[in-house]
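Novice: What follows is a predicted structure for the sequence shown.
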Amino acid sequence: MTAAFLLDDALRVSVELGERSYNVWVGPGVRHRLAEVVPPGASRVAVVTQAAVADAGITVDPGVEHRVFITDDGEHIKTMGAAEQLCREFAQWGLTRRDAVVAVGGGAVTDLAGFTAAVYHRGIRMVYVATTLLGQIDASVGGKTGVNLPEGKNLVGAFWQPSAVLCDTEALDTLPPEEMRSGLGEMAKYHFIADADLHSLALPERIARCVAIKAEVVAADERESGRRAVLNYGHTLAHALEAHGGYNLRHGEAVAIGLVYAAELARRAGRIDASRVSEHRRVVGGYGLPTSLPAGADTDSLVELFSRDKKAVDGVTFMLDGPNGIQPATGLAPALLRESMEAIR
């Protein structure tokens, strides 16, 4: 059973996966506890971080011999070439399979460093120090790692669970407003996955609650064969908006619009009523996030992109709210998709 509780002024959430279980620690300054969670027996630690994180003065001390490897910032760092370069640098330094990798930063660096750890020596131990809101409530938990190809996002990856995750809320003070909004888009999603009233919680408790919700889903479906797809709620339109480009949206902002669209679509499909749609708009708007399409968004282009979503193995597939919670829905008429799009224009 997943639980969150106070311990030494930090919140701890347990991700229950049998022998691969681990703890997620949430609170101000928890990165300074890194030496306590470095896997036992590791004599060297490769610290992979981003330039912006280093420039913000966010550093860690794993308590053993370590070397810092700095990447660029942004999604573009997630390439096969970058993973190969890290592997080569690890090998040149003499990192062994008994040692560990620590990723310090947002989702891009945890994805890249996590994938590199999964394939170097066929897998070495990994710790995440998440410094962005999006990384803390989503990217660092669950074991999904990956890099991008020119043909698509996260098409090469591995399931590789970390040994521990530290979510340092102190680091959030260094984020620009747009990066915080991106995290809030994913946070809004959790309101509906678990019918949770997160607005009533302080930020550390809110983060821990999101982690606990995700941990319960991951524990039930680690390899995304069924229930874990619920974590993609709001993402079908979000991925289309991101793929189409040109809208200057961050991932969480695109998810926010996708949540409202999914609600409008669910209402037209007879799954929810207008009050539930209003609740979606209230929650998303309450975070100061967009609830309508960006100017110039082309309906036909976005609908066409739905078929390329990774869930679309049996045609266009959406995760939609309904009487039994959020579930996959297929066979939706193109006219319904377009009508719902106009409702958020």
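Specialist: Received, thanks. The structure presented is a predicted model; accordingly, all values stated were derived computationally and were not measured.

Novice: Any stretches of the stretch 101-250 of the chain with poor pLDDT?
Specialist: 246 (pLDDT under 70).

Novice: Residue 285 is in contact with residue 291, correct?
Specialist: Yes. Using CB atoms under 8 Å, residue 291 is in contact with residue 285, at 5.5 Å. Placement of C-beta: from N, CA and C, glycine included.

Novice: more crowded one of these two?
Specialist: Per other CB atoms under 10 Å, whichever of residue 291 and residue 285 has more neighbours is residue 291, with 17 against 14.

Novice: who's in contact with that one?
Specialist: Residue 291 makes contact with 256-257, 260, 281, 284-285, 344 under the criterion CB atoms under 8 Å, 6 or more residues apart in numbering.

Novice: Quick check on these: which are buried?
Specialist: Buried members of those, counted by 16 or more other CB atoms under 10 Å: 256-257, 260, 281, 284, 344.

Novice: Out of these, list just those in helices.
Specialist: 256-257, 260, 281, 284 (DSSP state H).

Novice: pLDDT and distance to residue 133 added to those residues, as a markdown table?
Specialist: Listed next are those as a markdown table, based on pLDDT from 0 to 100; distance: CB to CB, whole Å:
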| residue | pLDDT | distance to residue 133 |
| --- | --- | --- |
| 256 | 97 | 13 |
| 257 | 98 | 18 |
| 260 | 98 | 20 |
| 281 | 97 | 22 |
| 284 | 97 | 16 |
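
Novice: which among these gets closest to residue 243?
Specialist: residue 257 (13.9 Å; CB to CB).

Novice: residue ranges for the strands of the chain, please.
Specialist: 4-7, 10-15, 22-27, 44-50, 65-71, 100-105, 125-130, 144-149, 152-159, 164-168, 317-320, 327-330 (DSSP state E).

Novice: can I get those strands in JSON lines with distance to residue 183?
Specialist: As requested, those are exported to JSON lines (distance: least, CB to CB, whole Å):
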{"stretch": "strand 4-7", "distance to residue 183": "18"}
{"stretch": "strand 10-15", "distance to residue 183": "17"}
{"stretch": "strand 22-27", "distance to residue 183": "13"}
{"stretch": "strand 44-50", "distance to residue 183": "16"}
{"stretch": "strand 65-71", "distance to residue 183": "20"}
{"stretch": "strand 100-105", "distance to residue 183": "13"}
{"stretch": "strand 125-130", "distance to residue 183": "10"}
{"stretch": "strand 144-149", "distance to residue 183": "17"}
{"stretch": "strand 152-159", "distance to residue 183": "18"}
{"stretch": "strand 164-168", "distance to residue 183": "11"}
{"stretch": "strand 317-320", "distance to residue 183": "20"}
{"stretch": "strand 327-330", "distance to residue 183": "25"}
